[in-house]
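In: For reference, the sequence and a predicted model appear below.
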Amino acid sequence: MENKVRVGIIGGAGYTGGELIRILLNHPSAEIIYIHSKSNAGNKVSSVHHDLLGETDLEFSHQIGHNIDVLFLCVGHGDSKIFMEENDIPKNIKTISLSQDFRLKENSEIKGRKFIYGLPEINREAIRKSDNISNPGCFASSIEFGLLPLAKNKLLLDVYSTGITGSTGAGQSKSETTHFSWRENNVQAYKSLKHQHINEINETLSSVSGEKEIPSIHFVPWRGDFTRGIFITSQLKCSETLSELYNLYEQFYEGHPFIKISHEPIFLKQVVNTNNCFINLEQVGEIVVIHSAIDNLLKGASGQAVQNMNLMFGLEETEGLKLKANYF
């Protein structure tokens, strides 16, 4: 590609920023122009992301340049909104926010910019036409992928979901529950039935079903003793046969390259280090069980953000994202 997409990154020192840098350094149609970090300005990127030693000579910047085509906001929740309020970003620069600030419709507009919910599996055409994308949450993405075909076919009843996530889901800020001595050989439930992604999930499923209100999503997240990945199990009553349900899922995700429907049991290592979501269905009597798994830093964050960038700039949706799972 003669004219590459010029990229700026705000908040490049964290986990999502690091993953974004790794993808874009190997993206054939993108060029990183600057990586902004208040705390690391002037330091080499490889001094924070040590695996990039010898891969790039880029340094973290303290300045925000406008000689770019797209700006990624890899900052904490609440900070994207603050950044957009405090900085005048030219209208010709597209923006992709990885925080939750603009995901809900009631919060999707700021300074004349309207953000589209960046889930390509339901909003692909809107993303192609949009200049501003709000990247979905990691738990939200993994639960939504498992339930969207049921919502589309108005088969949702009350849903009971559990999900376990790796330590990178908590970000780089240190706390008791992110220490190795706490995480090793340990599991803990947290934010039971009140996780911040529930409103996002409800709004997305409602938009797909066409119903103003949907049955309740009862979600209990767990902290796991591993680094990355999310495994979700959702269950609800459903009278359709397993064969009928598989047909619904395969039809819904036809043409979506990163969603893999499996008739065999799935496991986390299949998706770690990829932009894929694996889905498997089980049924016992009238109870259907949906298992879905993603990498929280890729399909749950930076990988999906690059997928959105590809769509926004008319690139192949999978470009730069053909990644191999860390199977062994």
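Out: Great, that's in hand. Numbering: from 1, shown residues only.
In: residue boundaries of the strands in the stretch 51-200 of the chain?
Out: In the stretch 51-200 of the chain, the strands defined using DSSP state E, counting those that start in this stretch lie at 60-61, 70-73, 94-97, 109-110, 113-114, 116-117, 132-134, 159-165, 188-189.
In: nearest to Lys299, of those?
Out: strand 159-165 (12.9 Å; Cβ to Cβ). No exception for glycine: its C-beta is placed from N, CA and C like everyone else's.
In: on that earlier part again, adding distance to Glu144 as columns, could you present the strands of the stretch 51-200 of the chain in JSON lines?
Out: JSON lines is the format used below for these (distance: least, Cβ to Cβ, whole Å):
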{"stretch": "strand 60-61", "distance to Glu144": "34"}
{"stretch": "strand 70-73", "distance to Glu144": "21"}
{"stretch": "strand 94-97", "distance to Glu144": "18"}
{"stretch": "strand 109-110", "distance to Glu144": "22"}
{"stretch": "strand 113-114", "distance to Glu144": "21"}
{"stretch": "strand 116-117", "distance to Glu144": "10"}
{"stretch": "strand 132-134", "distance to Glu144": "14"}
{"stretch": "strand 159-165", "distance to Glu144": "11"}
{"stretch": "strand 188-189", "distance to Glu144": "21"}
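In: Domain-wise, how is the chain divided?
Out: 5-135+301-313, 138-294 (the TED database).
In: Of those domains, which is nearest Asn326?
Out: The nearest among the domains of the chain, by Cβ to Cβ, is domain 138-294 at 4.6 Å.
In: confidence score at Gly171?
Out: In this prediction, Gly171 carries a pLDDT score of 58.
In: could we number from 14 for the rest of this?
Out: That works, and once the first residue is 14, the last one we named lands at Gly184.
In: Mean neighbour count added to the domains of the chain, as JSON lines?
Out: Shown next, in JSON lines, are these (neighbours: other Cβ atoms under 10 Å):
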{"stretch": "domain 18-148+314-326", "mean neighbour count": "19"}
{"stretch": "domain 151-307", "mean neighbour count": "18"}
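In: And the ones you listed: which comes nearest Gly333?
Out: So among the domains of the chain, domain 18-148+314-326 is nearest, using Cβ to Cβ, at 3.4 Å.
In: So which elements touch the helix or strand hosting Tyr259?
Out: Element membership of Tyr259, judged by DSSP states H and E, is helix 255-265. If contacts are counted by 3 or more Cβ pairs under 8 Å, 6 or more residues apart in numbering; DSSP states H and E, helix 255-265 sits against helix 151-165, strand 272-275, strand 290-297.
In: The same query, at a cut-off of 10 Å, please.
Out: helix 151-165, strand 272-275, strand 290-297, strand 300-307 (3 or more Cβ pairs under 10 Å, 6 or more residues apart in numbering; DSSP states H and E).
In: picking that back up, for the strands of the stretch 64-213 of the chain, which one sits closest to Arg19?
Out: Arg19 lies closest, by Cβ to Cβ, to one member of the strands of the stretch 64-213 of the chain: strand 83-86, at 7.5 Å.
In: so what strands line up beside that closest one?
Out: strand 18-23 (parallel), strand 107-110 (parallel) (DSSP bridges).
In: hang on, Ile227 in a strand?
Out: No - read with DSSP: H, G, I helix; E, B strand; the rest coil, Ile227 is coil and lies in no strand.
In: dump the residue contacts of His231.
Out: By Cβ atoms under 10 Å, 6 or more residues apart in numbering, the contact list for His231 reads Asp171, Val172, Tyr173, Ser174, Thr175, Ser205, Leu206, Ile211, Ser247, Gln248, Leu249.
In: sorry, back to before: tilt between the helix holding Tyr259 and helix 151-165?
Out: 110 degrees (axes from the mean of the first three to the mean of the last three Cα atoms, to 10 degrees).
In: residues in contact with helix 255-265?
Out: Contact with helix 255-265 is made by 134-135, 158-159, 161-166, 168, 221, 251, 253-254, 272, 274-276, 292-297, 301, 303, as judged by Cβ under 10 Å, 6+ apart.
In: How far off centre is that helix?
Out: Averaging C-alpha positions (Cα atoms, centre = their mean, to the nearest Å) puts helix 255-265 24 Å from its chain's average.
In: what pLDDT, on average, does that helix get?
Out: 98.
In: quick revisit: present the domains of the chain as TSV; the columns should include distance to Leu334.
Out: Below are the domains of the chain laid out as TSV (distance: least, Cβ to Cβ, whole Å):
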stretch	distance to Leu334
domain 18-148+314-326	6
domain 151-307	5
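In: out of those, which comes closest to Ala338?
Out: Closest among the domains of the chain, using Cβ to Cβ: domain 151-307, at 5.1 Å.
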